[in-house]
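Q: Next input, structure requested:
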Amino acid sequence: MPKQIWLLVIATTVNVTGASFLWPLNTIYMHNELGKSLAFAGFILMLNQGASIAGNLLGGILFDKFSPYKTILYGTGLAMMASTVMVLLHHDIVYYSIALILIGFGSGITWPVMFAMAGSIWKEGGRRAFNAIYVAQNFGVALGATVGGYVASISFNYIFISNAILFFSFFLIVFMTFKPMDAFVDRQMHTTVLKQQGKMKDKSAFISLLILCGGFLITWIAYSQWQSTIASYTQDLQIPLELYSTLWAINGFLIVLGQPLIKLLTTRVTSQKKQIYVGNTIFLISFLIALWSETFSMFAIAMVILTVGEMLVWPAVPTLANDLAPQGRTGFYQGIVNSIGAAGRMVGPLLGGVIVDMFNIELLFFILLALLIIPYITTSMYDRGFVFTRNT
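A: Presented below is the predicted three-dimensional model:
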């Protein structure tokens, strides 16, 4: 990989490691420590992801029109300041919620720029450029989750401190090393959402992207339950907090160590569409197992299976979005993909929390299994009847 991609990988690892001290435990902290309902916790996480969506869209537009370096610097600077507020005032649900929303907005600005920079710097890398960032994200998840649960079992205060320190470290890495990367960015990237009302080919590519992302939204709604309702459910089953965090350590390390397996699979199944079909089928199997899980070992098996599915699906969608994007719209299209993922993470916890509060978690699982039929349909339809070219 080019050295600039390695810098993106290192920065991503540091950033996600810090975030992974916090995000798997948000619902548990609000529900178990602050005494709020699952629906309330889901509502706050919805606002967090809503802010992330706004940040994604802004970040994608700024990548196309402004300096990627400054965009990332401003986004992570905001998240760093909000995490500092959280260190001092996390016992107050109002300040905690505001800080969480600001972290979502700041981080949301950052991610589409990181992905778009990877695609712009290493165009010949194709899927490998996006997969490098994806692997770095999950290595950070593994590191943060491995330590986070044990730290939280001692005191949640240390979780917030660790999160703030690593956000500051990410800010320093960006400040000191990212500025030269502006020279590698395609300076013709200059569109905004208002300019999408162009030729029919532009609309065709954009419609194709939205159809593809419809299934992506469903998979994220399902996946987000592991960070919200399932997280709380494991506590109701008396599974220790550090073991719940171990599930995410399994997830992260498996993604990193399982890359040779995924490379073998993607070499044999070269179609991105088929990779999504296979990955979605694996998602379905993992939720069937989770439905009947009552012990840590069963949840661990479900997580292993879930992880294999996401290793196929998550990199495939931004890769297809990059293929769909006309010249000058890469950042915008990656912003859409990131925003759809954030929308799933926004709707998922609230939807799951309301269903579990009003009914039970078994009904939630059955609803998720039904919803996971939709990605098969959207993936098969997204490129039918539409004409698009990269150079539109």
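Q: Mind giving me the packing neighbours of the helix or strand of the chain with the lowest mean pLDDT?
A: Ranked by mean pLDDT, DSSP states H and E, the weakest helix or strand in the chain is helix 127-154, scoring a mean of 80. Judged by 3 or more Cβ pairs under 8 Å, 6 or more residues apart in numbering; DSSP states H and E, the packing partners of helix 127-154 are helix 3-19, helix 93-121, helix 156-177, helix 241-257, helix 259-268, helix 296-324. Any C-beta I mention is one placed from the backbone N, CA and C, and that applies to glycine too.
Q: if we go to 7 Å?
A: Packed against helix 127-154 by the contact rule (3 or more Cβ pairs under 7 Å, 6 or more residues apart in numbering; DSSP states H and E) you find helix 3-19, helix 93-121, helix 156-177, helix 241-257, helix 296-324.
Q: what's in contact with the fourth one?
A: Surrounding helix 241-257, the residues in contact under the criterion Cβ atoms under 7 Å, 6 or more residues apart in numbering are 20, 24, 28, 135, 138-139, 141-142, 145-146, 148-150, 152-153, 231, 234, 296, 299-300, 303-304, 307, 311.
Q: re earlier: what's the spacing between the least confident helix or strand of the chain and its chain's center?
A: Averaged C-alpha coordinates place helix 127-154 at 12 Å from its chain's average position (Cα atoms, centre = their mean, to the nearest Å).
Q: Stretch 266-285 now?
A: Chain-centre distance of stretch 266-285: 19 Å, with Cα atoms, centre = their mean.
Q: next one: stretch 213-230
A: Counting by Cα atoms, centre = their mean, stretch 213-230 comes out at 10 Å from the chain centroid.
Q: One more: stretch 315-331?
A: Centre-to-centre, stretch 315-331 and its host chain are 17 Å apart (Cα atoms, centre = their mean).
Q: Extract the CA atoms of it and return them as CSV.
A: C-alpha atoms of stretch 315-331 as CSV (Å, rounded to 0.1, in the frame of the first residue of the first chain):
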residue,chain,number,x,y,z
PRO,A,315,-16.4,-3.1,2.3
ALA,A,316,-18.5,-4.2,-0.7
VAL,A,317,-21.0,-1.3,-0.5
PRO,A,318,-18.5,1.6,-0.5
THR,A,319,-16.6,-0.2,-3.3
LEU,A,320,-19.8,-0.3,-5.4
ALA,A,321,-20.5,3.3,-4.5
ASN,A,322,-17.1,4.3,-5.7
ASP,A,323,-17.7,2.5,-9.0
LEU,A,324,-21.1,4.3,-9.4
ALA,A,325,-19.7,7.8,-8.5
PRO,A,326,-19.3,10.1,-11.6
GLN,A,327,-16.1,12.1,-11.8
GLY,A,328,-16.2,14.8,-9.1
ARG,A,329,-18.7,13.1,-6.9
THR,A,330,-16.6,10.5,-5.0
GLY,A,331,-16.8,12.3,-1.6
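Q: May I see the buried residues of that stretch?
A: 315-326, 328-331 (16 or more other Cβ atoms under 10 Å).
Q: For L89, state which of the residues you listed is nearest.
A: Among these, G331 lies closest to L89 (Cβ to Cβ), at 34.3 Å.
Q: who's in contact with the closest one?
A: By Cβ under 7 Å, 6+ apart, the contact list for G331 reads 60, 63-64, 112-113, 116, 189.
Q: returning to what we had before: of the contacts of helix 241-257, which qualify as buried by neighbour count?
A: Buried among these by 16+ other Cβ under 10 Å: 20, 24, 28, 135, 138-139, 141-142, 145-146, 148-149, 152, 231, 234, 296, 299-300, 303-304, 307, 311.
Q: burial of L261, as a residue count?
A: Using other Cβ atoms under 10 Å, L261 has 12 other residues around it.
Q: Against I173, how distant is it?
A: When distance is defined by Cβ to Cβ, to the nearest Å, L261 is 30 Å away from I173.
Q: now T17
A: Counting by Cβ to Cβ, the gap from T17 to I173 is 12 Å.
Q: Looking at the two now, which is surrounded by more residues?
A: Taking other Cβ under 10 Å, T17 and I173 do not tie; T17 has more neighbours (27 against 18).
Q: quick one: the more buried one and G144 touch, right?
A: Yes. T17 lies in contact with G144 (Cβ atoms under 7 Å); the separation is 4.4 Å.
Q: right, and T378 touches S208 too?
A: No. Judged on Cβ under 7 Å, T378 makes no contact with S208 at a distance of 10.4 Å.
Q: Of these two, which one has the most company?
A: Ranked by neighbour count (other Cβ under 10 Å), T378 and S208 place S208 first, with 22 against 18.
Q: Can you tell me the closest non-neighbouring residue to the spatially most central residue of the chain?
A: With distances taken as Cα atoms, centre = their mean, G341 lies nearest the centre of the chain, 6.2 Å away. Closest residue to G341 apart from its sequence neighbours, by Cβ to Cβ, 6 or more residues apart in numbering: W220 at 5.1 Å.
Q: so what pLDDT did that neighbour get?
A: With respect to pLDDT, W220 scores 95.
Q: quick one on the thing from earlier: ranking the helices and strands packed on helix 127-154 by burial, who's on top?
A: Greatest average neighbour count among the helices and strands packed on helix 127-154 goes to helix 93-121 (a mean of 24), per mean count of other Cβ atoms under 10 Å.
Q: I'd like the mean pLDDT over it, please.
A: Mean predicted confidence for helix 93-121 is 88.
Q: Ok, stretch 281-298 next?
A: Averaged across stretch 281-298, pLDDT comes to 96.
Q: And stretch 324-342, by the same measure?
A: In this model, stretch 324-342 has a mean pLDDT of 79.
Q: repeat for stretch 157-164
A: Mean predicted confidence for stretch 157-164 is 91.
Q: Other residues contacting it?
A: Stretch 157-164 is contacted from outside by 18-19, 21-22, 25, 83-84, 86-87, 90, 148, 151-152, using Cβ under 7 Å, 6+ apart.
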